[in-house]
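> following is a predicted model, sequence given first.
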Amino acid sequence: MRAHPRELLQAYLDRELAMPDANRVEQHLQACDECRRELEALKADDRLLSAYYAPAIAPATDLVARTVARLQSAPRRPERRPIGPRLALVGALAAATLLAWALLLRPFRNVPSTQVARAPWGSIVSVTGGPSVGGPGRWHRLTRSRGVRPGDLVRTSDVDRLSVRFGDGTIVELGFGAQAAFMPGPARPSAIRIDYGTARIKARPGDGALAVYSPSATAAVTGTDFVIRAEPDRSTLLSVLRGAVSFRSAGAAVAVPAGYSSVARPGLAPSPPLPRVFLQIRPPGGLVTVRWVGAAADRRIFLARLFAGRLNCGFLYRPLFAAERTGLGSPGVLVTRVRSGSPAERGGLRQGDVITAIGGLPVRDAADARTILSQAVPWSPLPVTALRRGAPTRIVLPPDDRYGPPEPRPPALADANRLAVDGKLAQAEAVLRRIVSEEANCAAAHNNLGALLERRGDLPAALREYLQAAALQPGCALYRYNSASLLAAAGNLEQAVREYQRASGLSRWWASPALGRARALLFLGRPAEAGAALTAAEARAAADPEVQMGRAEFLLAEGRARQALPHARRATASGAPEAFLLQGILEDATSNPRGAVLAIQRGLGIAPNDPDLLDALGTAWRHAGDPVRSAKAYQAALAVAPTRTGTRANLASLLLAAGDLGGALAQARTAALQEAMNGLSDGPGQQVYASIALARANMPGVEDGLRALRSVDRDSVSTTVALSLLAARRGDLRASRMLWTEARRLSATEAERQRRLLTAAGDSRGV
Amino acid sequence: MEATDEALVERCRSGDSASFAELMRRHQHAIMRLAYHLVGNRQDAEDLCQECFLKLYGALPAYRPGLPFRPWFYRIATNVCIEFLRRNRGRPRWVSLFAGKAGAEEGVPLPEPPSDAPTPEEHLLTQEQRREVMDALMGLPAEARLLLALRYLNDLTYKELASALGIPEQAVGVKLLRAKQMLRRRLERDAGGQS
């Protein structure tokens, strides 16, 4: 009886002991200080562990779909009673949902007019699987004849899709695994609540905006087309395809125009609209934006946009180094890459050839090659003389079918091209404007003027010129492709898809239009078609780095970082900084930070001041265990883009880990203030600042800094919480509790506001 | 009435694939959290989580009707996790490249008042403390880590723990006590080493 019942204490604490044992422990504790202390320690451990395990982490939304899909490929069916053939269908459909934007696999179709005799409030345009309607515990199948009624709660399982059309023409599509509530309204819902999953909404202009709610944000829309996705971690992704959407969360609003996206996280303001975003993807651990590659701000793309003779007929070259020239006998340029399927390849040009003459004119250096090629006519064969392993070889490049039938070109066009290729853009533009004013029918001049305008950033004017060129020369794939690129950048994706398709049909070898089409389809949420377009591009030029990049992005969007990596590596052959960035991201995501560093450094060799690359470099160095280089990279990124608060927050957390408390605090404070000034409540800077303040509370000035910050941004939950906890440590429980209450009020305000709005909308339009 | 887990298993066994998806939807969050706390990064956690459900699917024919689903499933998941931890022993953990973009590392809570912590004092687990606990936990044997996570993260009862781990119910309390004492010793040692 005197023996300490230590072994039983945990079970006693958890009330899992049988009566006799429990009584014995109880009595013993009365008398034994030592065991009472142990019990207290165990209780403290319980609190610690509960707090430690508190943060939630949500699985990817498509994990269920992915797993069900894997059951198809893996030979692990239950032996006795196999899940029947229906699962094959599930797998095929689930595989199609893998993309981040998976939603719409079918184009919109109008409801046949014969059906309108007594149409329901929301008539079902198309349905796959068996979506249900109702509420917890009383779900029943949503049938076509019933349609959607005011106030309905509709749910799709992982094999269902649903498209509903309302009286005013507004269309709502629910993707796999989604739930939405339709608030009553006369011709269409007054509001739509997306509980989880993806919805695409094409809202007709009507009386008053249609409000769309997600767990963390609100979008007020009218006359727009957009995709909204509520994630299990309560963040919300918005991507606008047409019109503009006002996107609100945590009391702050941003206007997101067509072609832009924004992300809202619970309690945080929406991110600023991200321009020219191609995809929002989820690699392990976070959200990344892959930049839309394709604006002529990049010189290579600018040159590719031009009607400039043979400049883009499918090979790259560089001048010879002195050491390479010796023994050759004649000067020339070295062919470094030949695009597969291109006229250059079909003509027999090979990597490693040294071109000494083109069209009978001698080529001494790269400038010669550029001038001659840009003046050459694409419609007739072009003879090229090259040295192959020292032996002279004659090659004839076949006509380039991207240009359609021959078109007349005024002599001044050659001057304009030379100026443009040499980088004298203003002069080139003056010449082109003169040509266009004198000969309005010169398609090439319109196109090249468009390229100059695009390079200057005037996208609407550029698009007009491209479309004009395409209208004048309907058989030219280049003009159509250029038009499609700008249509896509402007968010007009449906039209872009059509233009890409036409461009693709006009040239037999060119892979770029199919690739552009794949990207646009992916963004439209039509992954199956996107995959087909990508396959079409690969059929034309599988080895092409541009095509490899497309495949890598596609796989990454599916969450398959490891499979994407080899494609990203091959994509870097193009020398595009984006390709190196993507490779770096993937190397790091697959636990190879050293490889990431190397890839990113190669990208920086091409674009030394790219802040995205510098930021990624900092993170890769950090993971590779070199905080000094990591800090340098972050600082370099900040020197280029001082308001990148995410980078500054990274730097602060790095400095903190390295023990430089003062530096960490200074950086975090700067980032926090920048965010507060820009109306970004609770951005990364503020969060890191609050965390540091909490971790190192005894630093002088920390609390004052937080107070100053709070005077600028009174709505910041993290700052308020940090101040409350600091007060608690000082022992000032009264102040602490007040701040705590305030913080809870702040975080509850947004939820409350949304609920009120929703109720109000329901009441005022109620039937 | 929502169908019970057991009813869903029955339906899976008779070929209803939607029931399997529903079963997974119900339990994936709990398993994901367990996996995340065991492996420390999202990618591996998702792989592990998926593996648990694939194993579950493979084990469906062995399910005996009437058996409570949760302990049975946790038994399967536990074995998958232990196997995983043994296979990956000593492998360095890595932190996601993009974690920094959100301002803090993944899974690390930002100061945010949770509704179940009515006073600030109960919320005083700073990032630094969190890291210390994590380091100490990572130093424990795999079985101890798993036991603590199942108890304090997944809230399994003693009965469920016994069934999941294949140990007698009377041994659960003792094993929990030992794991916690080991954790405490590690925390004290680390703290002592720093000052």
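Looks like it arrived, so ask away. Because the structure is predicted, anything quoted here is derived from the model rather than measured.
> when you work out contacts or count neighbours from here on, use the C-alpha atoms and nothing else.
Noted.
> what does the model give residue 83 for pLDDT?
Using chain A here. The model reports A:I83 with a pLDDT of 32.
> my question was about chain B
Confidence for B:E83, expressed as pLDDT, is 82.
> can you count the residues close to it?
Other residues lying near B:E83 total 12 when counted by other Cα atoms under 10 Å in any protein chain shown.
> for the helix or strand harbouring it, packing partners?
Per DSSP states H and E, B:E83 falls inside helix B:69-87. Counting contacts by 3 or more Cα pairs under 8 Å, 6 or more residues apart in numbering or on different chains; DSSP states H and E, helix B:69-87 packs against helix B:17-39, helix B:42-59, helix B:142-152, helix B:158-165.
> okay, these in TSV with distance to chain A, mean neighbour count and mean pLDDT next?
Shown next, in TSV, are these (distance: least, Cα to the nearest Cα, whole Å; neighbours: other Cα atoms under 10 Å in any protein chain shown; pLDDT from 0 to 100):
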stretch	distance to chain A	mean neighbour count	mean pLDDT
helix B:17-39	6	21	85
helix B:42-59	5	21	84
helix B:142-152	6	20	87
helix B:158-165	7	20	87
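> so which of the ones you listed is nearest A:R305?
helix B:42-59 (40.0 Å; Cα to Cα).
> can you tell me which helices and strands the closest one packs against?
helix A:63-73, helix B:17-39, helix B:69-87.
> got the CA positions of the shortest one in CSV?
Right, helix A:63-73. Provided in CSV are the C-alpha atoms of helix A:63-73 (Å, rounded to 0.1, in the frame of the first residue of the first chain):
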residue,chain,number,x,y,z
LEU,A,63,-6.7,13.5,-52.4
VAL,A,64,-9.8,11.4,-52.4
ALA,A,65,-10.0,11.6,-56.2
ARG,A,66,-6.4,10.8,-56.6
THR,A,67,-6.6,7.8,-54.3
VAL,A,68,-9.7,6.4,-56.0
ALA,A,69,-7.8,6.9,-59.3
ARG,A,70,-4.8,5.0,-57.9
LEU,A,71,-6.9,2.1,-57.0
GLN,A,72,-7.4,1.6,-60.7
SER,A,73,-3.7,1.4,-61.5
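> surely A:G197 meets A:A230?
Yes - A:G197 lies in contact with A:A230 (Cα atoms under 8 Å); the separation is 5.3 Å.
> and B:A171, how many residues sit next to it?
Neighbours of B:A171 using other Cα under 10 Å come to 15.
> contacts only, for it.
By Cα atoms under 8 Å, 6 or more residues apart in numbering or on different chains, the residues touching B:A171 are B:A162.
> does it sit in a helix, a strand or a coil?
Of the three states, B:A171 takes helix under DSSP: H, G, I helix; E, B strand; the rest coil.
> tell me the pLDDT of it.
Taking B:A171 on its own, its pLDDT is 89.
> for chain A, which element, helix or strand, carries the lowest mean pLDDT?
None of the helices or strands of chain A scores lower by mean pLDDT, DSSP states H and E than helix A:86-95, at a mean of 29.
> from chain B, how far out is A:P257?
Distance, A:P257 to chain B, using Cα to the nearest Cα, to the nearest Å: 24 Å.
> surely that residue touches A:F226?
No - contact criterion Cα under 8 Å: A:P257 and A:F226 do not qualify, at 10.1 Å.
> quick check: neighbours shared by these two?
With Cα under 8 Å, 6+ apart as the test, A:P257 and A:F226 both reach A:V240, A:R242.
> contacts for the helix holding B:E83, please.
B:5-6, B:31, B:35, B:38-39, B:48, B:51-53, B:55-56, B:142-143, B:146, B:160-161, B:163-166.
> quick check: buried residues in that helix?
B:69-78, B:80-82, B:84-85 (16 or more other Cα atoms under 10 Å in any protein chain shown).
> hmm, back to that, mind checking what helix or strand follows the least confident helix or strand of chain A in sequence?
By DSSP H and E, the next helix or strand past helix A:86-95 is strand A:122-128.
> quick check, that next one touching chain B?
No - between strand A:122-128 and chain B, judged by Cα under 8 Å from any Cα of the partner chain, nothing touches; the nearest distance is 14.0 Å.
> so how far is stretch A:188-199 off the chain centroid?
22 Å (Cα atoms, centre = their mean, to the nearest Å).
> near chain B, anything from it?
No - if you take Cα under 8 Å from any Cα as the test, stretch A:188-199 misses chain B, and the best it gets is 12.5 Å.
> got the CA coordinates for that stretch in PDB?
In PDB, the C-alpha atoms belonging to stretch A:188-199 read as follows (Å, rounded to 0.1, in the frame of the first residue of the first chain):
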ATOM      1  CA  ARG A 188     -31.500  34.200 -60.300                       C
ATOM      2  CA  PRO A 189     -30.100  33.600 -56.900                       C
ATOM      3  CA  SER A 190     -29.600  36.800 -54.900                       C
ATOM      4  CA  ALA A 191     -26.400  35.200 -53.500                       C
ATOM      5  CA  ILE A 192     -24.500  31.900 -53.800                       C
ATOM      6  CA  ARG A 193     -22.600  30.400 -50.900                       C
ATOM      7  CA  ILE A 194     -19.800  28.000 -51.900                       C
ATOM      8  CA  ASP A 195     -19.000  25.800 -48.900                       C
ATOM      9  CA  TYR A 196     -16.300  23.800 -50.500                       C
ATOM     10  CA  GLY A 197     -15.100  22.900 -54.000                       C
ATOM     11  CA  THR A 198     -14.900  24.700 -57.200                       C
ATOM     12  CA  ALA A 199     -17.600  26.700 -59.000                       C
END
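> quick revisit: the buried residues of helix B:69-87: which two are farthest apart?
B:F69 and B:L85 (24.1 Å).
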